[in-house]
Structure formats: C-alpha cells, structure tokens
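A.B. asks: sequence and predicted structure below; questions after.
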Amino acid sequence: MSNLEVDEPTGLIPVASYARTSEDFRQRDGHGVRYQLRINERVAHENGCAVVAVYGDNGRSASKAGTARPEFDRLLADLARGCTDDGQRIAGVVCVADDRLYRRAEDLARFFTALTSRPGQIYVDPRGVRDPYSQEGLLEAVRSLDAAVAETRVRSRRLSDWHWARAVEGVPHSGPRPFGWQEDRITVHPVEATLIEKAVGDRVGGKAVRAIAHEWRDLGVTGTLRQSRRS
C-alpha cells in the first residue's frame, strides 16, 4: 500500500468510522453504536488515522436479507467516490469488527468493491491497518464472513431449541403479552377476549376483516406492543 492518501496538514489518513448494532429494544438510546464509534476513534488514532466522518446503523441486522442499512449504503457510496457529500476526503474505513460491516456474501462483495474502487484506501480495525487489495486481505475477509455465518446459524439453532423447550413445558413466550391475555400469559383478559370472540363470530358470519378493523379502531383498541411502549 504505497499510495496511501495522507492529509498534508495533519500527516494523518482521513477515514470513515462505521458502527452497527443488531438490536436496541431495551434502552433505545443508541449506546451500542456510540461505544463502537468511541473505540473507532481510539483505533484510528493508534494507527495514524483521523476519523473525519461517522456512519451508524442502530438496531439493524446484517444477517437478514432485505434489511435496510441506510448508513452502510451511504458509507459505500462515499468510499466509492473518495469523499463525503460535503466534499470531505476519506481514504478508508475503521470499524471494531468485520461482522459489524457484513454478515452476508453480498454485503462483503459490495464493501470490498467500494473500498478498492480507488487506489490507496485502507481498512482499519483493532488489529491494525489491513490491505484490502492483497490476496491475504481478501482471504481474511472471507474467513471473517465464514465465521459470522457459522455464528449466525448456531445462534439461530440455539434460539429455536430454546423456544421449543419452553413450548414443550408450557412456558409462555417472552416479549409483549399476547392480545387477549393478562400479563401472566395464562389468565384471559376479560375485555380483549370479548373483542376477539365477537370478531371471530362476525368474521364467520361474513363480516369483512376491514370492517372489523375499522370497528376496533373506532373503539380505540390498540395492540399490546403499542401499549407497552406507552407505559
């Protein structure tokens, strides 16, 4: 990597900082992304780089096809042209780990295409500066992808087994309570259960689903997820 783009006044390589979390349903304050960005700042400084632009996707999965990651897309566009929308030059990216950037082969290909579309760009992580143009750099990325895919499969299987075991034992699922049941997930909710019973009867009698939905809306009926958020 002999063509590194060093900023003349500072002598540092200008890089973009990217962070991502898969979920943020508890605190909902983006703390995971903030923590990663702080680490990126330190890692960049330790490797002769300066963060000049930040990109963060909070609560966005990288393993599910079709999940939008607008900041990842913006990062790729900026890497491909070598600068941000406002003209700030960037010559690479810093991230805490590969799986924050990609967990699918399609995203790995997109990332490397954007990163290597211009000469001299780098990828920095806590292990140091990596050369994305070399064969070893690409192989390392592929190995990281294989590890991420394997981890996703193991986690998915464990979660499925966990839900199955709970169902066999008759344990109610976690999360917002099901509509029509009390918080213990066992006791029937008197008001909501009556609504469900009437709706089933109306539907069997030929009433349109849309008409039932309008009726519930006029009554001010909301789902339990919205109720838990309000509380």
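C.D. replies: Ah, there it is. Residues are numbered from 1 along each chain as shown.

A.B. asks: show me where this structure has its strands.
C.D. replies: In the chain, the segments counted as strands under DSSP state E are 13-20, 49-57, 92-94, 122-125, 128-130.

A.B. asks: make JSON lines out of these and add distance to Arg210.
C.D. replies: Quick note: C-beta positions are derived from backbone N, CA and C, even for glycine. As requested, the strands of the chain are exported to JSON lines (distance: least, C-beta to C-beta, whole Å):
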{"stretch": "strand 13-20", "distance to Arg210": "38"}
{"stretch": "strand 49-57", "distance to Arg210": "35"}
{"stretch": "strand 92-94", "distance to Arg210": "48"}
{"stretch": "strand 122-125", "distance to Arg210": "51"}
{"stretch": "strand 128-130", "distance to Arg210": "55"}
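
A.B. asks: give me whichever of those strands is most buried.
C.D. replies: Among those, strand 92-94 has the highest mean neighbour count (mean count of other C-beta atoms under 10 Å), at a mean of 28.

A.B. asks: listing partners with orientation, what would you give for it?
C.D. replies: Looking at strand 92-94 with DSSP bridges, its partner strands are strand 13-20 (parallel), strand 122-125 (parallel).

A.B. asks: closest to Ala213 out of those?
C.D. replies: For the strands paired with strand 92-94, proximity to Ala213 was assessed by C-beta to C-beta; strand 13-20 is nearest, at 35.7 Å.

A.B. asks: hey, C-alpha coordinates of that closest one in PDB?
C.D. replies: Output of strand 13-20 as PDB, limited to C-alpha atoms (Å, rounded to 0.1, in the frame of the first residue of the first chain):
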ATOM      1  CA  ILE A  13      -5.000   9.300   6.900                       C
ATOM      2  CA  PRO A  14      -8.700  10.500   6.800                       C
ATOM      3  CA  VAL A  15     -11.000   7.600   7.400                       C
ATOM      4  CA  ALA A  16     -14.700   7.000   7.900                       C
ATOM      5  CA  SER A  17     -15.900   5.400  11.100                       C
ATOM      6  CA  TYR A  18     -18.700   2.800  10.900                       C
ATOM      7  CA  ALA A  19     -20.700   1.200  13.700                       C
ATOM      8  CA  ARG A  20     -23.800  -1.100  13.800                       C
END
